[in-house]
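Undergrad: from the sequence below, what's the structure:
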Amino acid sequence: MLHEGCEIEDGYRRPGNDLINGNNNIKNSAEECCEDCRNTDRCVAWTLTPKNRCWLKHTIGEKRAQSGYKTGTITPTQPPPPTEAPPPPPKTEPPPTEAPPPPPKTEPPPTEAPPQPPPKTESPAVATMIPTLPPCEFPSGLHNVAQGRPTAQSSDKSKKDSGSENAVDGDFNTDANSGSCSWTNKEYQPWWTVDLGETYDIYEVVITNRQDCCPFRLKNAEIRVGDSETFEDNPPCGMMILGRMVKENPVHVRCGCETPMRGRYVSIQLIDRTQMLTLCEVEVMVT
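TA: Numbers count the residues shown, from 1 in each chain. Below you'll find the model as predicted:
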């Protein structure tokens, strides 16, 4: 559907690349959300949730199918054709003037160079290197099978709406205090798991991390996929979440490109850390 200056698509969303947080930006229609984006500097795309939360985007990111959501991009307006400027008047060159001779150079007296400091023997700090992976071509038609499935976690944070089911409720709100994220107590190696109900070919797991605070808490998260209810017996999916990966939102962990991993149970656990585990949404992408 085409609104003035904006293309609207029903049943899709664009995660990440947030310019304006939708939790505080309520709009009654896709047209209002589009108009808000057109009037906001650097806004090029938007997503309207089923709860009328209008998320403005600074980049046109990946589009994903999601029931009840609407998204769109801003159609740039064409500028008027430039008007031809009149030709500049001809330049008149001033008559050349003879430059005065340069003053004679005087050489400064030589000065003795200061002694060089001794070489440093301290070892340089070694930065943590995050391995980069070659581009991955996934098959077309990947979709999420985790939404609404049974879940469990090592503990529920007290005095919070923090149940494990919040991570598969279809709400991508990144404020952990809004009741849309799972949240454990601070403990050693906390974990979360979902039962997909049957075995699938799993290509990728996508985690929407909290953004209101502390995204670094997802560091050392390990994902496992397999058919064992005891998730420690299942093999790891992709790389552990390290370094700059925790700043990405959402975080993409691929289990395989041409060869996916097969499994019914997907788990996420913080390895060798005493910390809280917070997951605002977990998507398991299968064919």
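Undergrad: identify the bridge partners of the closest residue to Glu9 other than its chain neighbours.
TA: Closest residue in space to Glu9, ignoring its immediate chain neighbours: Thr71 at 5.4 Å, by C-beta to C-beta, 6 or more residues apart in numbering. In short, each C-beta sits where N, CA and C put it, glycine included. As for beta bridges, Thr71 partners with Glu9, Thr47 under DSSP bridges.
Undergrad: cool, and Glu204?
TA: Arg254, Met285.
Undergrad: hang on, it packs against Leu142?
TA: Yes - if you go by C-beta atoms under 8 Å, Glu204 and Leu142 touch, sitting 7.1 Å apart.
Undergrad: which residues of the stretch 1-150 of the chain score low on pLDDT?
TA: 1-5, 76-134 (pLDDT under 70).
Undergrad: so which residues of it form strands?
TA: 2-3, 6-13, 18-20, 45-48, 54-57, 64-74, 143-144 (DSSP state E, counting those that start in this stretch).
Undergrad: for burial, what's the neighbour tally of Asn166?
TA: Neighbour count of Asn166, defined by other C-beta atoms under 10 Å: 26.
Undergrad: how many other residues sit next to the closest residue to it other than its chain neighbours?
TA: Distances taken as C-beta to C-beta, 6+ apart place Ser182 nearest to Asn166, at 4.8 Å, with adjacent residues excluded. Ser182 has 26 neighbouring residues, counting by other C-beta under 10 Å.
Undergrad: swap in Pro135?
TA: By other C-beta under 10 Å, the residues close to Pro135 number 5.
Undergrad: what's the answer for Leu196, then?
TA: The local packing of Leu196 (other C-beta under 10 Å) involves 18 other residues.
Undergrad: list the contacts of the residue nearest to the spatial centre of the chain.
TA: Centroid check for the chain by C-alpha atoms, centre = their mean gives Asn249 as the closest residue, at 2.4 Å. Residues in contact with Asn249 (C-beta atoms under 8 Å, 6 or more residues apart in numbering) are Pro15, Gly16, Asp18, Thr174, Thr208, Asn209, Gln211, Pro215.
Undergrad: kindly recompute the last result at 7 Å.
TA: By C-beta atoms under 7 Å, 6 or more residues apart in numbering, the contact set of Asn249 is Gly16, Thr174, Thr208, Asn209, Gln211.
Undergrad: same question, Arg64
TA: Neighbours of Arg64 in contact, by C-beta under 7 Å, 6+ apart: Tyr12, Arg13, Pro15.
Undergrad: okay, these in TSV with neighbour count and distance to Gln275 next?
TA: As requested, those are arranged in TSV below (neighbours: other C-beta atoms under 10 Å; distance: C-beta to C-beta, whole Å):
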residue	neighbour count	distance to Gln275
Tyr12	16	34
Arg13	21	29
Pro15	21	24
